[in-house]
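>>> Here is a sequence together with a model predicted from it:
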Amino acid sequence: MFERLDRLPDDPILGLMAAFRADSDPHKVDLGVGVYRDARGETPILECVRQGEHALIERQATKSYVAPAGNPAFNQAMERLVFGATHPVLSAGRVKTIQGTGGCGALRLGAELIRAASPECIVHVSTPTWQNHVPLLSGCGLKLERYPYYDGATHSIQLSAMLAQLERLPPGACVLLHASCHNPTGADLSETDWREVLDLIKRRQLLPFIDMAYQGLGVGVDADAAAIRLFAAELPELLVAVSCSKNFGLYRERTGALHVVTERPQVAEAALSQEVRIARSLYSMPPDHGAAIVSEVLAGEALRSLWLRELTGMRERISTLRHELVRQFAVACPGQDFSFIARQRGLFSFLGITVEQVRRLRTEHHIYMTDDSRMNVAGLRADNIGYFVECAARVLARAN
């Protein structure tokens, strides 16, 4: 049977990780993998997580299963974090949450729920979008189409083209949106932009599916969730997939959640029952360790405050790196404008160079980023940012 199988090409990002690990050059720079790194180039365990995990282990008495819907305390804590503790949808019972195996698992659960409710529904994703959105959402059989979002030539959002495309969608179509820190571009909609998108979605009766993988790493915990809270207040239905990988540093614990907002509590209960069935058929029960840690961190004032301080430090480090990149590029490439990097948010930025130039950076200078020139700004630090800018300037000069 298995003799018939063809070897598939490596996932682009996973292949990039393997190539970086195999590279023995001491000057190599990893700007490809989407993890936060500190000033030493490490992806640290947050102190709030360390303390919360210790307290959890000290009193934990069992490793028995949790329910398919996940850790109830985690689910409730995430609802308050995402929507705000006093949001009307919570008091009205219009939100139900299922724990997912990371943000990826939450996205897949949402896709499966859409397929169960409307098998012919088409999900519309931005151009560009995170590479893994496509297999995660289409893997259950949903059809995907694209809408314009970012213009690489001008380093700006194509709002008019985006709205024009969404205006043509039929009622019931699903639109995948990035809440903040757009992956891969780092270019986020403004408050005014979000209002225009919301008005269109209401008028066209579309279903928004919002992916929030970086809450707190853009502007702040509340600001990064502002669009979700706005949509939940004014729309009858909404899906929100959330990840705790970046903002809690729980990458390998696979911790996330899917929030389902419906018009009536009874519909929310029905949707949750469907999600439980879906989860049961995919993996039966979710892992609990990461969810229990997040619940512990958010439950008490001391650990929550510590988390917010650490998150602020991460966000400010990324912002500082962005501004330093702009400053150094202005010196190294005086004829080119890289100011857009400072206006973008989160881990990622599109450098805006060609595939050939990206590959030359990799082969000649041991600098790794995805072929579309998405770079993880947090992969830079004081001892390699100058090297990166110098090498990028050389590659760009040769192209000119």
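Yes, it's here. Numbering: from 1, shown residues only.

>>> hmm, who's touching stretch 251-258?
35, 43, 70, 74-75, 78, 82, 97-107, 109-110, 113, 239-245, 248, 275, 287, 289-291, 293-294 (C-beta atoms under 8 Å, 6 or more residues apart in numbering). Yep, even glycine has a C-beta here, placed from its N, CA and C like the rest.

>>> Wait, a helix at Gly110?
Yes. The assignment for Gly110 is a helix, going by DSSP: H, G, I helix; E, B strand; the rest coil.

>>> ok, Gln274 - how many residues close by?
As a burial measure, Gln274 scores 17 neighbours (other C-beta atoms under 10 Å).

>>> Check the gap between the closest residue to it other than its chain neighbours and Ser273 for me.
Leaving aside its sequence neighbours, Gln274 sits nearest to Ala116 (C-beta to C-beta, 6 or more residues apart in numbering; 5.5 Å). Per C-beta to C-beta, to the nearest Å, Ala116 is found 11 Å from Ser273.

>>> cool, and Ile201?
Per C-beta to C-beta, Ile201 is found 26 Å from Ser273.

>>> swap in Val175?
Per C-beta to C-beta, Val175 is found 25 Å from Ser273.

>>> hmm, back to that, that's a helix at the residue nearest to Gln274, yeah?
Yes. Assigned with three-state DSSP, Ala116 falls within a helix.

>>> how many other residues sit next to it?
14.

>>> Same question for the one 5 residues further on.
When counting by other C-beta under 10 Å, one arrives at 16 neighbours for Cys121.

>>> again, but for the one 5 residues further on
A count of neighbours around Ser126, defined by other C-beta under 10 Å, yields 23.

>>> Give me the pLDDT value at it.
Looking at Ser126, its pLDDT is 98.

>>> so what's it closest to, chain neighbours aside?
Closest to Ser126 by C-beta to C-beta, 6+ apart is Tyr149, at 3.7 Å.

>>> Enumerate every residue touching the spatially closest residue to Thr127 that is not a sequence neighbour.
Nearest-residue entry for Thr127: Arg146, 4.7 Å, with adjacent residues in sequence omitted and distances by C-beta to C-beta, 6+ apart. Applying C-beta under 8 Å, 6+ apart to Arg146 gives the contacts His124, Val125, Ser126, Thr127.

>>> Could you report the separation of Val311 from Leu113?
Slight slip there: residue 311 is Leu, not Val. Taking C-beta to C-beta, one finds Leu311 at 30 Å from Leu113.

>>> meant to ask about Ile122
In terms of C-beta to C-beta, Ile122 sits 15 Å off from Leu113.

>>> For the two, indicate the residue with more neighbours.
Leu113 (21 against 16).

>>> Alpha carbons of the host helix or strand of that one, as CSV, please.
Assessed by DSSP states H and E, Leu113 sits inside helix 102-117. C-alpha atoms of helix 102-117 as CSV (Å, rounded to 0.1, in the frame of the first residue of the first chain):
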residue,chain,number,x,y,z
GLY,A,102,-2.9,25.7,19.7
GLY,A,103,-4.1,28.4,17.3
CYS,A,104,-3.8,25.9,14.4
GLY,A,105,-6.2,23.5,16.1
ALA,A,106,-8.6,26.3,16.8
LEU,A,107,-8.6,27.3,13.2
ARG,A,108,-9.2,23.8,12.1
LEU,A,109,-12.1,23.4,14.6
GLY,A,110,-13.6,26.6,13.2
ALA,A,111,-13.3,25.3,9.6
GLU,A,112,-14.9,22.0,10.5
LEU,A,113,-17.8,23.9,12.2
ILE,A,114,-18.3,26.0,9.1
ARG,A,115,-18.4,22.9,6.9
ALA,A,116,-20.9,21.2,9.3
ALA,A,117,-23.2,24.2,9.1
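
>>> which residues sit against the very next helix or strand once past that helix?
Downstream of helix 102-117, the first helix or strand assigned by DSSP H and E is strand 122-127. Identification of contacts with strand 122-127 by C-beta under 8 Å, 6+ apart yields 111, 114, 133-134, 137-138, 142-150, 162, 165-166, 169, 173-178, 182, 209.

>>> For the residues you listed, which ChimeraX command selects only the ones that are buried?
Provided next is the ChimeraX selection string for whichever of the contacts of strand 122-127 are buried by 16 or more other C-beta atoms under 10 Å:
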select :111,114,133,137,142,144,147,148,149,150,162,165,166,169,173,174,175,176,177,178,182,209
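
>>> For Met78, give me its contacts.
Applying C-beta under 8 Å, 6+ apart to Met78 gives the contacts Thr97, Val242, Ala257, His259, Val294.

>>> Same list (those residues) but as CSV, adding pLDDT and neighbour count.
Output for the contacts of Met78, formatted as CSV (pLDDT from 0 to 100; neighbours: other C-beta atoms under 10 Å):
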residue, pLDDT, neighbour count
Thr97, 98, 25
Val242, 98, 28
Ala257, 98, 31
His259, 98, 26
Val294, 98, 29
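
>>> Now the two most distant members of those residues.
The span of those, defined through C-beta to C-beta, is set by His259 and Val294 at 14.5 Å.

>>> Can you show me the helices along the stretch 101-250 of the chain?
Along the stretch 101-250 of the chain, counting by DSSP state H, counting those that start in this stretch, helices occupy 102-117, 133-138, 159-167, 191-204, 221-224, 226-234, 245-248.

>>> so which of those helices gets nearest Arg345?
Comparing these by C-beta to C-beta, helix 221-224 comes nearest, at 8.5 Å.

>>> quick one: buried residues of that closest one?
Within helix 221-224, the residues that count as buried by 16+ other C-beta under 10 Å are Val221, Asp224.

>>> Can you tell me what sits against it?
With C-beta under 8 Å, 6+ apart, helix 221-224 has contacts from 81, 84, 179-181, 212, 214-218, 308, 311.

>>> what about Ile201 and Ser273, which has more around it?
Just comparing Ile201 and Ser273: by other C-beta under 10 Å the higher neighbour count belongs to Ile201, 21 against 12.

>>> No further queries at this time; thank you.
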